[in-house]
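**Student:** sequence unknown, structure follows:
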């Protein structure tokens with residue numbers, strides 16, 4: 001049995017990969033993923049000349065491209081004739097003669113005899129090959145490409161030897177790269193010429209108007225251009241020899257991501273001899289983030305690569321470790337990309353303005369692919385760093401999608417398009433705006449290297465606190481900081497011990513590439529993951545499926561663990577962390593949590609329903625047993641979350657009503673409690689009404705009022721809990737001493753009120769503190785605990801209500817189009833007067849009036865009503881939404897009524913004395929303490945493993 005790539009080999013039991021010791025950090029060998037023959041730079045034979053010697057009706061050669069570019073071609077033709085005119089140049093037009101480096105040829109052949117092109121190489125203006133298909137030609141400007149197609153006056157093809165073999169120019173070993181140009185050969189455009197086609201919005205001076213027209217061959221039928229980077233950038237770079245430093249490579253991709261390899265597209269790392277092995281593939285996804293957020297992420301990624309190169313004792317990394325890392329930046333929509341972010345990419349050498357094309361050979365471009373190995377880093381403070389500051393080269397692939405197609409489509413480009421080409425070992429997912437710590441990516445990779453069964457891993461997501469923790473002055477940020485910390489200290493370690501983590505956050509996570517691959521029948525993790533991209537377009541898709549794919553990363557996690565004939569596990573890596581900014585305003589928080597809560601709830605139900613898939617996996621009996629224990633824990637937690645709004649109401653009623661007990665001597669609180677009861681109910685009703693009909697951004701004041709009011713009610717509840725506990729103990733003490741007894745500690749713990757309230761709450765939050773201490777990270781208990789308690793009811797009453805009331809909204813947060821329709825015409829003016837197009841002739845006015853009368857005199861025949869598919873779908877989703885929120889609200893209301901109901905003659909304080917109410921309250925508090933104990937135990941076990949095994 002021979003080991004496969006990355007030290008794995010297929011076993012006899014369903015092909016499950018097994019780990020080879022050679023794949024650890026100390027392994028040396030790494031099999032080549034591609035043969036030299038597959039990616040050789042040889043030209044393909046061209047079809048018959050008869051196809052290419054046709055002329056169109058106007059006698060132009062070659063024929064026009066099949067798309068509409070007639071106006072542009074005519075203008076180019078006019079400019080070319082004008083430039084070649086002796087009156088224009090002031091001298092006789094001279095024939096083009098290749099000299100020096102103006103042609104690709106062997107040194108042993110005279111330069112004037114055999115000008116030999118390469119794929120993407122320069123063709124002499126006016127002297128291109130007549131046997132190249134029309135769709136296999138394009139024109140570029142000096143640093144840009146201006147248009148496709150040609151209608152220049154072309155000479156006979158017999159002047160050139162089309163079959164001469166491809167050879168490098170002047171010994172340059174990389175001159176034959178796809179998209180390469182031979183230097184020189186300039187044809188001047190009109191001084192007054194305009195750039196007809198422009199893409200991107202980099203704020204810079206006007207492009208040069210002197211164009212260089214170059215003819216390039218399509219490489220395997222695809223437009224590939226090698227464009228020289230600015231000399232000013234090269235001056236900052238210590239390495240200037242290889243082509244990956246001197247040229248940016250542009251590829252116009254005209255296919256779907258799934259067809260990337262089938263259409264013979266490729267990437268630079270596999271074109272070297274031998275092809276470079278990709279150990280780490282880092283995918284950064286962005287939409288319209290500004291340059292600050294972009295630099296924050298990319299500069300930290302480059303620091304991580306710098307750390308990998310500093311590990312000189314490693315046989316995987318070391319000095320040239322950067323060659324094993326590819327950073328892929330996927331931008332979701334060309335028109336949505338931030339202009340200043342594009343400027344940063346241009347400053348790094350990755351992007352160039354005016355290179356991109358909208359169509360190639362009649363096919364629309366779906367994505368623009370830029371490749372460059374940069375040696376420059378720009379941090380969030382907009383300061384440039386070079387090799388003098390330790391910056392190492394970084395292979396960057398920038399994929400600029402033509403249209404906005406959501407984040408999951410960006411991941412499909414990474415996994416299904418570039419993944420099969422690079423065949424990486426580990427794929428790291430990052431959101432632009434999330435900054436990994438200096439060694440975070442190494443620690444993530446190390447988890448895969450140490451344990452061959454790890455299929456996915458994640459690190460700690462840390463809320464951005466700002467300088468001197470000043471962001472924590474905002475209660476929303478502080479509450480989220482506490483929530484993130486509790487999740488990373490209690491939840492993630494517990495799930496990691498079980499082996500299944502419910503969600504690896506897409507903002508910072510990693511996957512073993514072979515673990516997410518589909519089987520031979522096309523079924524597997526990636527198939528289930530990307531199903532959500534097309535599911536939203538299907539009219540037959542149910543609301544349950546649509547909502548669960550709002551948390552598609554949860555679907556991927558379970559698909560990896562339950563993969564057929566495999567035993568992949570998920571792991572939390574405490575040593576790895578990344579910082580991200582969190583919403584600092586309530587509307588943004590509500591909108592974010594709507595997707596999170598709905599996605600996690602429905603994905604959790606899907607996990608429970610499909611738990612049986614674990615039996616087809618190759619996990620051992622002990623692991624499956626632990627996964628069953630985790631299933632029970634998750635079901636209990638899900639039920640607890642479903643009834644959380646009722647549980648909070650019951651706690652409020654019991655605690656506040658207890659204050660009215662005559663033994664406490666503050667019976668006047670009875671009237672305060674009545675007022676607060678109706679205020680509480682009014683706030684709940686308001687949250688429902690706002691959630692059903694208002695956008696969070698349109699109801700900021702009302703949502704803020706609800707959050708503050710619930711916070712004040714929480715303070716009152718906390719006061720009631722402390723007061724009741726203290727007064728209860730004092731009453732017991734007085735009662736014992738009145739009977740002549742001696743009050744002891746046993747009497748305190750024997751008190752029912754103390755056990756139910758004080759002890760359970762102390763255990764719950766005491767375990768939070770205990771876990772924070774053993775995790776060596778207790779700061780959040782001091783800086784954020786009070787803010788979290790104040791906003792805890794908002795998390796339950798406001799966020800959950802809005803989420804369940806909007807289950808019909810399965811959008812991914814994609815911004816709508818702001819395009820203005822101009823079908824009614826446009827009024828133009830200078831601010832003082834305008835030009836208006838309107839009928840003024842009497843004949844036109846009279847005819848319009850007669851037409852209106854004719855319509856009225858004609859008997860109206862209503863057209864048969866045809867239901868609109870979109871409206872039917874929306875009505876269906878809203879009906880399901882209504883049923884869901886009715887079920888949720890009625891079950892919570894029923895629980896609250898059953899627990900807190902008393903007879904009509906009962907006193908208000910009877911709530912506290914009811915055996916049913918006190919029993920439920922005790923169960924509720926003990927359940928909270930029990931869940932906290934389980935989570936703290938998981939944290940303790942994880943920390944033991946972390947200390948002794950790393």
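**Tutor:** Sure, I can see it. These numbers come from a predicted model, not from an experiment. Numbering: from 1, shown residues only.
**Student:** Pull out the buried positions in the lengthiest helix in the chain.
**Tutor:** Across the chain, the helix with the greatest residue count (assigned by DSSP state H) is helix 700-738. Buried residues in helix 700-738, counting neighbours by 16 or more other C-beta atoms under 10 Å, are found at 702-703, 706-707, 709-711, 713-714, 716-717, 720-721, 723-725, 727-729, 732-733. C-betas here are computed from N, CA, C, even on glycine.
**Student:** cool, and stretch 664-671?
**Tutor:** 664, 669, 670.
**Student:** tell me the SS of the last one?
**Tutor:** Reducing the assignment to helix, strand or coil with DSSP: H, G, I helix; E, B strand; the rest coil, the entry for residue 670 is helix.
**Student:** Tell me, how many residues neighbour the nearest residue to it once chain neighbours are set aside?
**Tutor:** Of all residues not flanking residue 670 in the chain, residue 660 sits nearest, at 4.2 Å (C-beta to C-beta, 6 or more residues apart in numbering). Per other C-beta atoms under 10 Å, the neighbour tally for residue 660 reads 22.
**Student:** Now the phi/psi pair for residue 660, please.
**Tutor:** Here is the backbone geometry of residue 660 (degrees, to the nearest 10): phi -80, psi 0.
**Student:** Equivalent analysis for residue 225, please.
**Tutor:** The phi/psi pair for residue 225 (degrees, to the nearest 10) is phi -130, psi 130.
**Student:** same check, this time on the one 5 residues further on
**Tutor:** Backbone torsions of residue 230, given as degrees, to the nearest 10, read phi -60, psi 140.
**Student:** Please report the residue range of the longest strand in the protein.
**Tutor:** strand 569-580 (DSSP state E).
**Student:** now it: mean pLDDT?
**Tutor:** Averaged over strand 569-580, pLDDT sits at 95.
**Student:** That one - contacts with which helices or strands?
**Tutor:** strand 435-436, helix 440-450, strand 454-463, helix 492-498, helix 552-561, helix 915-949 (3 or more C-beta pairs under 8 Å, 6 or more residues apart in numbering; DSSP states H and E).
**Student:** if we go to 7 Å?
**Tutor:** On a contact count with 3 or more C-beta pairs under 7 Å, 6 or more residues apart in numbering; DSSP states H and E, strand 569-580 meets strand 435-436, helix 440-450, strand 454-463, helix 492-498, helix 552-561.
**Student:** how about a markdown table for those, with mean pLDDT and distance to residue 284 added?
**Tutor:** Shown next, in a markdown table, are the helices and strands packed on strand 569-580 (pLDDT from 0 to 100; distance: least, C-beta to C-beta, whole Å):
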| stretch | mean pLDDT | distance to residue 284 |
| --- | --- | --- |
| strand 435-436 | 96 | 11 |
| helix 440-450 | 95 | 12 |
| strand 454-463 | 95 | 16 |
| helix 492-498 | 95 | 23 |
| helix 552-561 | 91 | 16 |
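**Student:** out of the ones you listed, nearest to residue 334?
**Tutor:** helix 552-561 (23.9 Å; C-beta to C-beta).
**Student:** Report all helices and strands that that closest one contacts.
**Tutor:** With 3+ C-beta pairs under 7 Å, 6+ apart as the test, helix 552-561 has strand 454-463, helix 525-535, strand 569-580, helix 586-609 packed against it.
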